[in-house]
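> Below are the sequence and a predicted model for it; my questions follow.
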Amino acid sequence: MASIKVTYTQTRTLTQTIDWPSDEMGDFNRENLECNLEPDDAQEQESEVEIRTVTLDGLPYEL
């Protein structure tokens, strides 16, 4: 299981850690990552997301 840490902006800056199955890393991309983000407020979820940083198993990852 890959541990992905994402820092993103959606009205405020949020940080979320996602456990992404290792066998699904072939499908890991910006669109799939954005679909798995869970901001606290449903109204905010409809606003545009700006991903700032991504780390994969503790190392910087470029999308």
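Looks like it arrived, so ask away. The structure presented is a predicted model; accordingly, all values stated were derived computationally and were not measured. Numbers count the residues shown, from 1 in each chain.
> can you give me the helices in the protein?
30-35, 42-45 (DSSP state H).
> measure the closest residue in space to residue 36 that isn't next to it in sequence to residue 35 for me?
Nearest residue to residue 36 in three dimensions, chain neighbours excluded: residue 18, at 5.7 Å (CB to CB, 6 or more residues apart in numbering). In short, each C-beta sits where N, CA and C put it, glycine included. For residue 18, the distance to residue 35 (CB to CB, to the nearest Å) stands at 11 Å.
> Of those two, which one has the most company?
When residue 18 is set against residue 35 and neighbours are counted by other CB atoms under 10 Å, the residue ahead is residue 18, at 14 against 7.
> can you pull up the bridge partners for that one?
Beta-bridge partners of residue 18, counted by DSSP bridges, are residue 4.
> Got the confidence number for it?
Each residue has a pLDDT score; the one for residue 18 is 83.
> Can we start the residue count at 18 from this point?
Shifting the count to begin at 18 puts that one at residue 35.
> Tell me who's in contact with it.
Contact analysis of residue 35 by CB atoms under 8 Å, 6 or more residues apart in numbering lists 20, 21, 22, 23, 50, 53.
> Point to the helix or strand of the protein where mean pLDDT is at its lowest.
Within the chain, no helix or strand scores below helix 59-62, which has a mean of 36 by mean pLDDT, DSSP states H and E.
> And for residue 55, the neighbour number?
With other CB under 10 Å as criterion, residue 55 counts 8.
> same question but for residue 22, I mixed them up
Counted with other CB under 10 Å, residue 22 comes out at 15.
> That one touches residue 71, doesn't it?
Yes. Residue 22 is within contact range of residue 71, at 7.3 Å (criterion: CB atoms under 8 Å).
> quick one: low-confidence ranges for this structure?
27-30, 57-65 (pLDDT under 70).
> cutoff 80 now
Scanning the chain for pLDDT under 80 picks out 24-32, 56-67.
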